[in-house]
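In: take this sequence and fold it.
(one chain, ligands or ions: 2)
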Amino acid sequence: MIRICPSILNANHQDLPGEMAIVSTDADLIHLDIMDNIFVPNMTFSLTQAKEIIGSSPLPVDTHLMVINPDEVAVEYAKAGSKSVSFHLEASSKPEITIKCIKDSGARAGVALKPDSDFSEVAEFMNYLDMLLIMTVEPGFGGQSFMESMMPKVEQARKYIGEHALKDIWLQVDGGISLETIARAAQAGADTFVAGSAIYKSPDPAAVCRELRAIASR
Ligand code: DX5
Ligand code: ZN
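Out: Ligands and ions are numbered 1, 2, ... in the order given. Predicted coordinates:
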């Protein structure tokens, strides 16, 4: 099963309801990037704004935390009604507890890896995880180029998931996913795709969602 997750990071923030509505029949989840200007050099939504977005989204929300204190705040995004909450392993001092807190609050729990982090660092948590997010750009900004060099990591994760029969775990890629790059990521084993600029810089975001899904499904 393929999941398409439009990132509203670079959508029109003056009309987020409209931006979310336009993809609501062709996408699966709205990807919500939370940045604190410390873990990454960029700032996005406050918790209050995030709650408003989660509460008004026509699709389930996939929250991606790029913050230094996920062990403290992740649970708030789960309680706010996110379908999924992912936090960076690099920022967490107690991933296992944070995973459990997210799940206990009713969301799927995801761990994200920056390009420099190896799959081996997350392997011990795979049993508890609902999603592994492999970044295919340095987190912080939309519109960057897809890092093909991350594909061995995706392949390694897919192989591990197969060997350990972790069939409910989603394998997500985020960064530079487009009509040109999604085939490579799908071939490597990703099944859940975040795309920001490819979708929202297009005059027809819904059509791009459909095309991304069609390519990834081949
Ligand atoms: C980047 C964010 C991404 C971003 C992707 O740190 O995590 O979700 O919005 O944007 P594109 O698809 O333009 O690379
Ligand atoms: Zn993201």
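
In: what ranges does this protein have for its strands?
Out: 3-6, 30-35, 61-66, 84-88, 108-113, 131-135, 170-174, 192-195 (DSSP state E).

In: would CSV of these with mean pLDDT be doable?
Out: As requested, the strands of the chain are arranged in CSV below (pLDDT from 0 to 100):
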stretch, mean pLDDT
strand 3-6, 99
strand 30-35, 98
strand 61-66, 99
strand 84-88, 99
strand 108-113, 99
strand 131-135, 99
strand 170-174, 99
strand 192-195, 99
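
In: quick one, what contacts the closest residue to ligand 1 within the chain?
Out: With distances taken as Cβ to the nearest ligand atom, the chain approaches ligand 1 most closely at residue 196, which sits 2.8 Å away. Glycine gets a C-beta too; all of them are placed from N, C-alpha and C. Residues in contact with residue 196, defined by Cβ atoms under 8 Å, 6 or more residues apart in numbering, are 6, 7, 8, 9, 10, 11, 31, 142, 143.

In: thought the fourth one was touching residue 44?
Out: Yes: Residue 9 is within contact range of residue 44, at 6.6 Å (criterion: Cβ atoms under 8 Å).

In: which of the two has more residues huddled nearby?
Out: Between residue 9 and residue 44, counted using other Cβ atoms under 10 Å, residue 9 has the larger neighbour count: 23 against 19.

In: mind checking pLDDT for the closest residue to residue 33 other than its chain neighbours?
Out: If the residues on either side of it in the chain are set aside, residue 33 comes closest to residue 9, at 4.6 Å by Cβ to Cβ, 6 or more residues apart in numbering. The model reports residue 9 with a pLDDT of 98.

In: give me every residue that touches residue 9.
Out: With Cβ under 8 Å, 6+ apart as the criterion, the residues that contact residue 9 are 31, 33, 44, 142, 196.

In: could you do residue 194 as well?
Out: In this structure, residue 194 makes contact with 5, 6, 7, 31, 62, 64, 172, 173, 174, 175, 177, judged by Cβ under 8 Å, 6+ apart.

In: all helices of the chain, in order?
Out: Listed in chain order, the helices of the chain (DSSP state H) span residues 16-22, 47-56, 70-79, 95-104, 151-163, 182-188, 197-200, 205-217.

In: who touches both of residue 9 and residue 44?
Out: Where contact means Cβ under 8 Å, 6+ apart, the residues bridging residue 9 and residue 44 through contact with each are residue 33.

In: my guess is residue 84 meets residue 111, correct?
Out: No: look at residue 84 against residue 111 with Cβ under 8 Å: they stay out of range, at 11.3 Å.

In: where do the contact lists of the two overlap?
Out: residue 131.

In: alongside ligand 2, which residues does the chain contribute?
Out: Counting by Cβ under 5 Å from the ion, the residues of the chain lying close to ligand 2 are 33, 64, 174.
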